[in-house]
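1. could you work out the structure for the sequence below:
(chains A and B)
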Number of protein chains: 2
Amino acid sequence: MPLLFSTLSTATRRRVYLKSLFSSSRFISTTSFALEYPLSHPIYTVWGSNTAVGKTLVSAGIAASFLTPTSTSPFKFIYLKPVQTGFPSDSDSRFVYRKFGEIFGHRKCNRTVFASDETVRVSAPAGELVLGSRGSVETQNFTKCESGFWELGSCDGRKLEGEGGEEVRVSELICKTMYAWRDPVSPHLAAERENAVVADAELLEMLKKCLCIGSDDGMREDEVGVFTLIETAGGVASPGPSGSLQCDLYRPFRLPALLVGDGRLGGISSTISAYESLKLRGYDVVAVVLEDQGLVNDVPLLSYLRNRVPVLVLPPIPADMSDNLMAWFDESYSVFGSLKEVMLSSYSERMQRLHDMPKKAVEIFWWPFTQHKLVPEENVTVIDSRCGENFSVHKGKYQDVMIQQFDACASWWTQGPDATLQIELARDMGYTAARFGHVMFPTNVYEPVLKCAELLLEGVGKGWASRSYFSDNGSTAIEIALKMAFRKFLFDHEEHVASWGSDMKGTHVELKVLALKGSYHGDTLGAMEAQSPSPYTGFLQQPWYSGRGFFLDPPLVHICDGTWRLSLPGKLRSYEEKVADMFFGSRDEIFSKSRDDSSLARLYASHISEELLVFSAENLSAHIGALILEPVIQGAGGMQMIDPLFQRTLVNECQYRKIPVIFDEVFTGFWRLGAESATELLLCKPDIACFAKLMTGGIIPLAATLATDAVFDAFVGDSKLKALLHGHSYSAHALGCAAASKSINWFKDHRTNHNLKTEGSMLRELWDVELVHQISLHPVVHRVVSLGTVFALELKAEGCNAGYASKYANNLLEKLYEDGVYMRPLGNVIYLMCGPCTSPATCERLLEILYKRLQEFGKEQSV
Amino acid sequence: MPLLFSTLSTATRRRVYLKSLFSSSRFISTTSFALEYPLSHPIYTVWGSNTAVGKTLVSAGIAASFLTPTSTSPFKFIYLKPVQTGFPSDSDSRFVYRKFGEIFGHRKCNRTVFASDETVRVSAPAGELVLGSRGSVETQNFTKCESGFWELGSCDGRKLEGEGGEEVRVSELICKTMYAWRDPVSPHLAAERENAVVADAELLEMLKKCLCIGSDDGMREDEVGVFTLIETAGGVASPGPSGSLQCDLYRPFRLPALLVGDGRLGGISSTISAYESLKLRGYDVVAVVLEDQGLVNDVPLLSYLRNRVPVLVLPPIPADMSDNLMAWFDESYSVFGSLKEVMLSSYSERMQRLHDMPKKAVEIFWWPFTQHKLVPEENVTVIDSRCGENFSVHKGKYQDVMIQQFDACASWWTQGPDATLQIELARDMGYTAARFGHVMFPTNVYEPVLKCAELLLEGVGKGWASRSYFSDNGSTAIEIALKMAFRKFLFDHEEHVASWGSDMKGTHVELKVLALKGSYHGDTLGAMEAQSPSPYTGFLQQPWYSGRGFFLDPPLVHICDGTWRLSLPGKLRSYEEKVADMFFGSRDEIFSKSRDDSSLARLYASHISEELLVFSAENLSAHIGALILEPVIQGAGGMQMIDPLFQRTLVNECQYRKIPVIFDEVFTGFWRLGAESATELLLCKPDIACFAKLMTGGIIPLAATLATDAVFDAFVGDSKLKALLHGHSYSAHALGCAAASKSINWFKDHRTNHNLKTEGSMLRELWDVELVHQISLHPVVHRVVSLGTVFALELKAEGCNAGYASKYANNLLEKLYEDGVYMRPLGNVIYLMCGPCTSPATCERLLEILYKRLQEFGKEQSV
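-> Numbering: from 1, shown residues only, chains lettered A, B, ... in the order given. Have a look, this model is predicted:
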């Protein structure tokens, strides 16, 4: 409906500046991975199911419930208002500060409390109002910041003397407004109007500092209780100052939430919807509290929540503005007491769970690819959540703290989403589950699977594939591909069938695959059989493995000492001196189609022909029924980059012989190597290709095996028995297909993926070429490969330090883990992997951290 | 926090009657599967992001935009208000009816419109008010219904004469209120107070009738345009009269939505949250329209929606109550025009998509287990959505209509959720995706996987399993189980290792599985090798299959001619006359542990021993390394029930010989057979068991292989190479684990699963025993099996009519498809499968439909 939109956009009322504010496709700024917060005391966020539902009264009531009961033990209550508009006439932190003073006096407490209220930064218009009210004497405390804010260098404070209490150490109420604007409108409007916008990252950085107030003064927290409350502005999805919705803005911290519900007519609906918006961002809501307006809204709310989240009801708030609310606070006393208990017990439970998880994990999990004996409880990582490329990880060894780590192994190479895509995927998963759940696929059609198949055929299958077969993971996609290829081979070589045995039962025929050494295609038996022997395939792992392939040794390319170079396998090594192009000026040269005319290309071709002849001579009853390869980079085999010229030659030689070609793009597909499909790099097409991992954006398992019509035709006939009788219960499940459609579209759209080159669909260079060069020169580094979202290096190692089972890199990775980089080694090969949308700045930072630790590592090795 | 809740519940303000209203765990009543609606014209639902956002004004504006423009072509506009409170002083349908009349007069239209307004049912208190206002003369038209409602037998109506228009055929405005209550409060409150509650199913049934008004008068719709608008009450999640949230209540129809947003302060948040609540129920929102309140809320909304959904802005609504709004409607004219265009074009696009889908599907899909040549375009089922056990299916052959079908094959046996669980799963999927996306598993722990593993070990693994290994589907779970079992076998028989070859490389040793004929374990090569030869395993399907098993012929049990009986395999058939217990009085007898002492038990034991001796004698270098079986029922093998005594004996014989036992519970697990695990029926424990399918409630793929500590210990050692080196990228993905936890808890909780017996965790009988008996007596029926959620029957068939590739049942299934029952055959075996929570009444209805069609089928066969 482009016509319609253009009509709308010309409407005079639309304001251009707002358009520009909201034109950015990213609502959540890529946050640094240094955002951390203490878990040593409870921190809660107060959210409103609407405006004017009484969030600040609730905050004041909670503050009072912590600080006014009879007690001599000191306590520190921190109230934070990150965003305040209508300032200075409106100030929620001042309200909490003042109202608390009144309650304190009213209740005649026996402790002493030092209360303060501070506003850190104000917009210039708001600052001028403050200035006007205070008089010129105080102007020297004002600092004008660059971003259009003034720093207010002062704060209100007073000592509230308790009655008859022994003053051991004073309690504290610290109220703080982080940013304030003058106009009493939504923060994004006020920020624009007053020319004082604060970026999300900056706001979160200040919030992070404020969250440390409770634990940074050297007091032992078991002596002084601490509680922090953050109050948001407006409703849960009201925009913050940058325009990001607040529920998105604060998401990296994912602090537990208290939702102030709506007791009015319509309040059931707005409370439930607000609750759902918080859940859709991964927040935990520990309690709902709402004002009684005589409509008993709490009963349907409790029912909706199935009694799992308490719903508390506050007495009606007096409408009379002159009421000092002391009677109301008295009446609410027990409710706030309950709320306090709920929050404290929920915090204790959370901490208990976080601490118990490693022990339970080592007791009942059976981790894949893990020698449990080598993973003591203290080495278990407790992942609290993920936000885009970052994990939130609980560290509880010395001090309880939640830290962020960059998921540099992309969780087994599946990850791609930035924080914004993750939230969009979450909504789509909810929608698709609600609309379809799962529905069975054969002979049926439903929207997500049709969209997904179309996107695959127009994208990774463009120019060759015309059918999409769905399954659950890379391994099953390979099993299907092999079945397709073998049938196609038998179909194409029908004339030989008679000699192979009657009725194509093939009793005397053995089909094998042609594959490359170092290949990996998955862990189910069929996929294993197609790969060369490796630590994964031994008798102890799978006694049925025999290696039904003819495995060639491929030539490799990588950066050694600053230069891309070719490394020929044993059988070809004697030609090394004759080959003109053993070195490359740039990576682009390696992928150049012009190499097809080189003497090396002819060498490759004759070598392959020779090998195939040798195979035929040695295996009289066996035939090569398929070629299978991982295009460009073998992942699990150690991030080895194969000479693309060799792979292209191999494909040509096989297709010439009518041997179906399978590309295993499970790792390489969907921009992992910088192109949507690795066929774009290899400059040749397969007959069959397998995709999984990044296909769903890294959210749930789904795989696709794409094929040409010619392959499909080998299964068409009159009998069901001729059809491909392979399937899994969740074939083409709706959630997976919906996730794939969303992610693929996200990655290939310039508006959402800023890494796409202006022309075409290739990614720009993510890993700083100079830094990569420098790293490759480091004495501990044997070789480096960088391509697309992958940066890999092999440490020089010998003996038991080399190979898959090596623990050689462990110390290095532990240090990187401390730096906030989560990596997993492949023996002495380590790698960094980002998403298709990750900014080059983040990649550069990762390389810098790595380089620093490599230098330390080098010194240790040389000692 | 039980203490806290009890405190809350004693609060005096809580009303007991509301508690009872909301105590039901089901918010969505199980709807009949006859809910259908016409697609021959657009039907939209108007939702509000809050109360008082102007839904009814929007409805009136849309009605006017359809009926007032200059045109002579007749048009029928239907406005439906299913739920009205505050009646008769408030009546939205009357408002639309009257306001339309005013606009009509104001605009001087040239067509003639007959407008009417009717209120169908009112509560007695509302009826009395109507009575009072009308006077006693009209009382004869009132009918008192049983449910506390009065039927109002009259309607307002008038002919609006156009100016200068030629009256060919009149246009119509039909306004209708379905149910009305007196008190101006939320419908659930009004319904309770006025003692007039309407069940969801009843309300939907009336709505269904009203939705047919547009297409039931024999007019050809290409001659008369029709448009239906349904206006909800309050906000999207406001409760309806039964207490169900309206977004849940109307979900079975899943009509496209128009969301009236909120232009006020806070309105961005409430509009986004309302939108998200609709998405979380699977609704499609085609446009957002909101009143301009000077805050430019539409800009951030458009940004949030990424321009994919248009956001239209209405001019400010005059606050003056005496304003007749004619000027406002004039000013809004173009906005309503755009809205109309959006809705019409969205409808056309939807219809186009629905019609195109089958063609696209046959062109680009490659369905599993499907001979494409046998599936012409017209046999493709377009599934628009699922609601609990039902599909919504588009039928467009003669007339476009959306019908509902019971998913009686449980979408390849994966399905379990009722409509309420589906919505809860949707929210949990959104939450988990937002919180975790996917995070990698090895050496890590995160909440969903820990919860899931605990539930598995406390549930299906109770009493034997202590480790949980996750993978993606049944087939991979089996591959893992085999690797575990073989290692355990080698570990337990270490003393023989020396003679098997040096270093346990086993070059001269072949390990085989012991399995039953007719078994099925999946389609990856390892799983295939463990099953006996079948149509799935031929050379054309997988040339690498060799059948690495020793396959025994099992004794079967089933109902034949009204009696449960035993059917012994060939080798044992000679004993048939000697066996005392060939017939059983009931199914319970078959599962009785007391049979262990029978002569049949001894016969089984000696038979098994003998077979194993024969195997050893014939296979000198081969050993039985594992027993694998599907407990109680072999699913894909044709829904064959194996004598549990035989399976138990087999397990005992193997465990005695230290052969690890694998239960393949992929099909049987999680109440599929009436018990959480089939081990409860078999009364013996495996060493390893595999689960998938129903585990996630049928929403996404996830599998688990559970094992004993003894099995786990065979992989513990100092080297990583001794660990189980098998894994899939999404191992233990967070979404799957969260879905599994939710579903398992839902199925095993008496509050959510009303099928659980009061004691223990077994399901009550779902298939009416008498009807099952009757069906088994039918002459076309060879045998019947009914257990848990499964009812299966084998049709008598011979030659090509029997077996997997048979199309014998196709005609029968096509008839059942017309009846709203979606089934898939296993050759001449057909089955009905429901979820663990499906009501016995639904099952009875399914059996009745089946029986009726069987009788027809019988007559056809005998002709």
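
2. buried residues, the biggest helix by length in chain A. List them.
-> Ranked by residue count under DSSP state H, the longest helix found in chain A is helix A:333-364. Burial within helix A:333-364, assessed by neighbour count using 16 or more other Cβ atoms under 10 Å in any protein chain shown, is assigned to A:333, A:335-336, A:338-343, A:346-347, A:350-351, A:354, A:357-358, A:360-362, A:364. Heads up, the C-betas are built off the backbone N, CA and C, glycines and all.

3. make sure A:Asn50 is indeed in a strand.
-> No. Assignment of A:Asn50 by DSSP: H, G, I helix; E, B strand; the rest coil gives coil, placing it outside any strand.

4. for the residue nearest to A:Asn810 when sequence neighbours are not counted, give me the pLDDT.
-> In space, and not counting its chain neighbours, A:Asn810 is closest to A:Pro825: 7.2 Å by Cβ to Cβ, 6 or more residues apart in numbering or on different chains. In the prediction, the pLDDT value recorded for A:Pro825 is 92.

5. residues near the closest residue to A:Ser49 other than its chain neighbours, how many?
-> With sequence-adjacent residues excluded and distances taken as Cβ to Cβ, 6+ apart, A:Ser49 is closest to A:Ala274, at 3.7 Å. Taking other Cβ atoms under 10 Å in any protein chain shown as the criterion, the count of residues near A:Ala274 is 33.

6. before we move on, what SS does A:Ala274 have?
-> Secondary structure state of A:Ala274, per three-state DSSP, is helix.

7. what's it in contact with, if anything?
-> Neighbouring residues of A:Ala274 by Cβ atoms under 8 Å, 6 or more residues apart in numbering or on different chains: A:Trp47, A:Gly48, A:Ser49, A:Asn50, A:Gly235, A:Val236, A:Ala237, A:Leu259, A:Gly261, B:Ser269, B:Ser270, B:Ser273.

8. tell me which element the first one falls in.
-> In this case it means A:Trp47. Assigned by DSSP states H and E, A:Trp47 belongs to strand A:43-48.

9. for that strand, packing partners?
-> Contact partners of strand A:43-48 among helices and strands, from 3 or more Cβ pairs under 8 Å, 6 or more residues apart in numbering or on different chains; DSSP states H and E: helix A:55-67, strand A:225-235, strand A:257-260, helix A:267-279.

10. what angle do helix A:55-67 and that strand make with each other?
-> In terms of direction (axes from the mean of the first three to the mean of the last three Cα atoms, to 10 degrees), strand A:43-48 departs from helix A:55-67 by 150 degrees.

11. and strand A:43-48, C-alpha only, in CSV?
-> Listed in CSV are the C-alpha atoms of strand A:43-48, where the atom choice follows Å, rounded to 0.1, in the frame of the first residue of the first chain:
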residue,chain,number,x,y,z
ILE,A,43,17.2,-4.2,42.8
TYR,A,44,13.7,-3.9,41.4
THR,A,45,12.2,-1.9,38.6
VAL,A,46,8.8,-0.3,39.0
TRP,A,47,6.7,-0.4,35.8
GLY,A,48,3.3,1.1,35.2
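
12. so which residues make contact with it?
-> Outside strand A:43-48, the residues within contact range by Cβ under 8 Å, 6+ apart are A:37, A:55, A:58-59, A:211, A:214, A:227-232, A:234-236, A:247, A:250, A:255-260, A:274, A:278, A:286, A:343.

13. how about the strands in the stretch 351-500 of chain A?
-> A:381-387, A:390-395, A:401-407, A:444-445, A:467-471 (DSSP state E, counting those that start in this stretch).

14. do the last one and chain B meet?
-> To tie it back to what came earlier, the one meant is strand A:467-471. Yes. Figure legend: strand A:467-471 in contact with chain B (Cβ under 8 Å from any Cβ of the partner chain); contacting residues A:Arg467, A:Ser468, A:Tyr469, A:Phe470, A:Ser471.

15. same thing with the first one?
-> Yes. Using Cβ under 8 Å from any Cβ, strand A:381-387 reaches chain B at A:Thr381, A:Val382, A:Ile383, A:Asp384, A:Ser385, A:Arg386.

16. element containing the residue in the stretch 651-800 of chain A positioned nearest to chain B?
-> Nearest to chain B in the stretch 651-800 of chain A, going by Cβ to the nearest Cβ, is A:Gly727, at a distance of 2.9 Å. When secondary structure is defined by DSSP H and E, A:Gly727 falls outside every helix and strand.

17. not counting sequence-adjacent ones, nearest residue to the residue nearest the centre of chain A?
-> Compute the mean C-alpha point of chain A, and by Cα atoms, centre = their mean the closest residue is A:Gly388, 3.1 Å away. The spatially closest residue to A:Gly388, leaving aside those adjacent along the chain, is A:Ala419, at 3.5 Å (Cβ to Cβ, 6+ apart).

18. where do the helices sit along the stretch 501-650 of chain A?
-> Across the stretch 501-650 of chain A, reading from the start of the chain, the helices by DSSP state H, counting those that start in this stretch fall at A:525-529, A:587-591, A:599-618, A:644-656.

19. pick the most buried one from the ones you listed.
-> Comparing the helices of the stretch 501-650 of chain A by mean neighbour count (mean count of other Cβ atoms under 10 Å in any protein chain shown), helix A:525-529 comes out on top with a mean of 27.

20. so for that helix, what's the average pLDDT?
-> 98.

21. how far does it sit from its chain's centre?
-> Using Cα atoms, centre = their mean, to the nearest Å, we find the averaged C-alpha position of helix A:525-529 to lie 31 Å away from the chain's own average C-alpha position.

22. which neighbours does the strand holding A:Trp47 have in its sheet, and in what orientation?
-> Sheet pairing of strand A:43-48 (DSSP bridges) gives strand A:225-235 (parallel), strand A:257-260 (parallel).

23. mean neighbour count, those: which tops it?
-> When neighbours are counted by mean count of other Cβ under 10 Å, the highest per-stretch mean among the strands paired with strand A:43-48 falls to strand A:257-260, a mean of 26.

24. can you list contacts of that strand?
-> The contact list for strand A:257-260 (Cβ under 8 Å, 6+ apart) reads A:44-49, A:53-55, A:58, A:236, A:271, A:274-275, A:278, A:283-290, A:339, A:343.
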